[in-house]
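In: I would like to see how this sequence folds:
(3 chains)
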Amino acid sequence: MHNLLRLKNLTVEFFQNKQVIPAVKEANLEIKENEIVGLVGESGSGKTITTLAITRILPSAARITSGEVIFEGIDLLKIQEEQLREVRGKKIAYIFQEPTMFLNPIKTCGFQVAEAIITHQNTDKSRTFLRFRRTSSQGKVRDKFNARKKAIELLKQVRLSSPEEIFFDYPHQLSGGMNQRVMIAQALASNPKLLIADEPTTNLDVDTEKEILDLLLDLHERIGFSCLFITHNLGLIKRLCSRVYVMYRGSIVEEGNLNKIFTTPQHEHTKALVEAFLKIGQ
Amino acid sequence: MSLIAEVKNLKKYFPIERGIFLKARGFVRAIDGVSFGVEKGKTLGIVGKSGSGKTTLAKLLLRLIPPTSGEIIYNPEEITNFRKDVQIIFQNPYQSLNPKMHIWDILIEPLIVHRIVGKKELRGTVEASLESVGLNEDVLSRLPIEFSGGQRQRICLARSLILKPKFLVLDEPVSSLDLTRQVEILDLLKELKNKYCLTYCFITHNLALLREISDSVLVIDKGRIIGGSKNP
Amino acid sequence: MKISLIIGIIIIAALSLLAILAPVISRYEPAAIDQNNLLVPPSAKHLMGTDSLGRDLFSRIVFGARISLSIGIIAVGIATLIGIILGSIAGFYGGWVDSLIMRFVDLMLCFPTFFLILAVVAILEPSIFNIMIIIGLTSWMGTARLIRAEILSLKEREFIQAARAIGASNFRIILRHLIPNAIAPVLVSAILGIAGAVLVESALSFLGLGVQPPVPSWGNILIEAKSTLGIAWWLTLYPGIFILVTILGFNLIGEGLRQRI
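Out: Below is the predicted model of the structure:
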């Protein structure tokens, strides 16, 4: 199985107040097709920045200063913004820790999922879902109808009960767990090859967390996609991933399959993570 | 076995307000008849899912909100000055400190409010409390935003402990931290309890934490206690 | 820092400097009548010309700056103080106290403020002191609402609960915890309010109900300017520009700060 994504010596630095602060130091990482890989580390270790660097959606103070991000054979750091847009959100989708921050509070959930569907269908045509155009309005109506059907399908797939009603709900009317499912539905709308999940369950209570993890595993089996799962909790990695990378202070300090990491951790920090999990992980 | 506090048939209902005139159309029964005792010198663990009423219980114990019915009786021999002897650590370290106050001001505030020490001893008392939570005195001139979650919880602990309380209620004190930090704070809590002869009420959703720290456990669900045991 | 904010700061700093240094930089007394130089256009001797009594316009403008700026600042100071006090009490205590104060706010907002000011000033004698007070007493409502809204949302935050838990009094909580965290939008509103107050004062003075001549105010210089419009354009132009630039300066600062907070 060849690599879907490969990070080669990726370095990201922050430029602030005439200071250069390294956030990610020469990260090397591989994800194969249909693989769930974990990236574990403390807060501030650089996990999120690494994943944002993949599709170049970094905060303005951060810059990728060296390395390569090879996705399906192409270095994403070298292509134009237009080509990158074909990948970002489509082939590589993200879900984040705070669904309420990434869901528009004034649009219904169904609308947002359907919008994602339409956006990724029409690459260079209309961007907004509801704009009426004189040319091929029939086609647009059909598009909207199909998108709505597909959106309800997706909401069903993420195991939301009564998806037809949830379609018309706003994010603030749903619980954290339900919002997270909506975000997953939105991410899967484009049938991505790679799903990057950045601490998606950290804000959820234990039961909901378990459900979301089960959901991800189930979707992975049925639909098939690769997943990069980021967390600070080794326990989640155990349930989900086959391989894991350990990150500490910007560098990837250890890598291996689950068994190896848990039974024979090499790096100091990995040992600390394993110890913490054994003591108080659930 | 003396009790620091006794909770008797405690209830807290919140009215659900609907309509233009905000008439109460029913109640959320956050706490629905809870009774238990807190033994002096021990750690009572209370475990429950989110929404089970844990935080409401913490606020009731601190008398930050009044109960709808029932009572919480504190032992007058142990708890002589309520706002001094009973303290709380909250869940969210990013909201528990006044973002515009320097750490020095945050830590001397309890001392000023209770007029405990004179101006000369202020510095010494503050530094001692910082030391007991493992922080350096150069945090004093900084603002909360410069610190991580774990450090903020330590500052909150220093703020609570500076009053030399007898009873500390901890509402999910480590849940928003990384696992490795959780272990550190947990160890610190154990150390402090032994050093200052504290009584803890540790509220959390993570049973594994309670295995590590508590002497007995109560399970709470939908505002009621549904079970409990002593930690072997 | 955005360029507009910098420009605003420069403008107000320059105006303040002019006002402070008024006695130093003006060659003539603002009330000095000179029969030989009536309605002289701007020249080397009189930078901005003279008015119909031969008084140097430049000195009247810079002394007028003192008056207009101080009235603006003090009036807004009074309004902000009243607004913070009433708004914090309403927000913190809630219940009937909140309702009472907010209904009072609604009542005050019903009055067309400017006409209320006119009426009051017409009854009492127009003096600088009265103007400051009356503008202050009629422009606190916005601030009260702002502070109340901020406090309502801050009240439930853990650090406020923590302050209660260590035994802090309500007064202490309001003063040391709530107000410092709620004050940012109020600051912006206050700065924009100074511009408004300067405008109100100018209008009042123009109508003869504000600062009384011979004390110069940009507004009352314009009284004369009205009748000499065709002949002495400088009497209209200079006060007008100064009022405009002052308001612009405060608005730029206010808007610039709003974006940063």
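
In: ok, C:Trp140 - contacts?
Out: Counting by C-beta atoms under 8 Å, 6 or more residues apart in numbering or on different chains, C:Trp140 touches C:Ile78, C:Ala79, C:Thr80, C:Leu81, C:Ile82, C:Gly83, C:Leu86. Glycine gets a C-beta too; all of them are placed from N, C-alpha and C.

In: would you say the fifth one is within a helix?
Out: Pointing back at C:Ile82 there. Yes: under DSSP: H, G, I helix; E, B strand; the rest coil, C:Ile82 falls within a helix.

In: wouldn't it be in contact with C:Leu137 here?
Out: Yes: with contact defined as C-beta atoms under 8 Å, C:Ile82 reaches C:Leu137; the gap is 7.3 Å.

In: Below-threshold pLDDT in chain B: ranges please.
Out: B:18-24, B:231-232 (pLDDT under 70).

In: pull the longest helix from it.
Out: helix B:179-196 (DSSP state H).

In: do that one and chain A meet?
Out: Yes: counting by C-beta under 8 Å from any C-beta of the partner chain, contacts between helix B:179-196 and chain A involve B:Leu179, B:Thr180, B:Arg181, B:Gln182, B:Val183, B:Leu186.

In: neighbours around the residue of chain A found nearest chain C, how many?
Out: Using C-beta to the nearest C-beta, the closest approach of chain A to chain C is made by A:Asn17 at 14.1 Å. For A:Asn17, the neighbour count with other C-beta atoms under 10 Å in any protein chain shown is 7.

In: Return the alpha-carbon coordinates of stretch C:182-200 using CSV.
Out: Taking Å, rounded to 0.1, in the frame of the first residue of the first chain, the C-alpha atoms of stretch C:182-200 are listed here in CSV:
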residue,chain,number,x,y,z
ALA,C,182,-16.8,45.3,31.3
ILE,C,183,-15.4,48.7,30.6
ALA,C,184,-13.9,48.2,27.2
PRO,C,185,-17.0,49.0,25.1
VAL,C,186,-17.8,51.8,27.4
LEU,C,187,-14.4,53.4,26.7
VAL,C,188,-15.1,53.4,23.0
SER,C,189,-18.6,54.8,23.6
ALA,C,190,-17.2,57.5,25.8
ILE,C,191,-14.7,58.7,23.2
LEU,C,192,-17.3,58.8,20.5
GLY,C,193,-19.5,60.6,23.0
ILE,C,194,-17.0,63.4,23.4
ALA,C,195,-17.5,64.1,19.7
GLY,C,196,-21.2,64.3,20.2
ALA,C,197,-20.9,66.5,23.3
VAL,C,198,-18.7,69.0,21.4
LEU,C,199,-21.3,69.1,18.7
VAL,C,200,-24.1,69.7,21.2
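
In: Please determine whether stretch B:97-114 lies in contact with chain C.
Out: Yes: Stretch B:97-114 lies in contact with chain C when judged by C-beta under 8 Å from any C-beta; the contacting residues are B:Leu97, B:Asn98, B:Pro99, B:Lys100, B:Met101, B:Glu109, B:Pro110, B:Val113, B:His114.

In: Actually, stretch B:62-74.
Out: Yes: Stretch B:62-74 is in contact with chain C by C-beta under 8 Å from any C-beta, via B:Leu62, B:Leu64.
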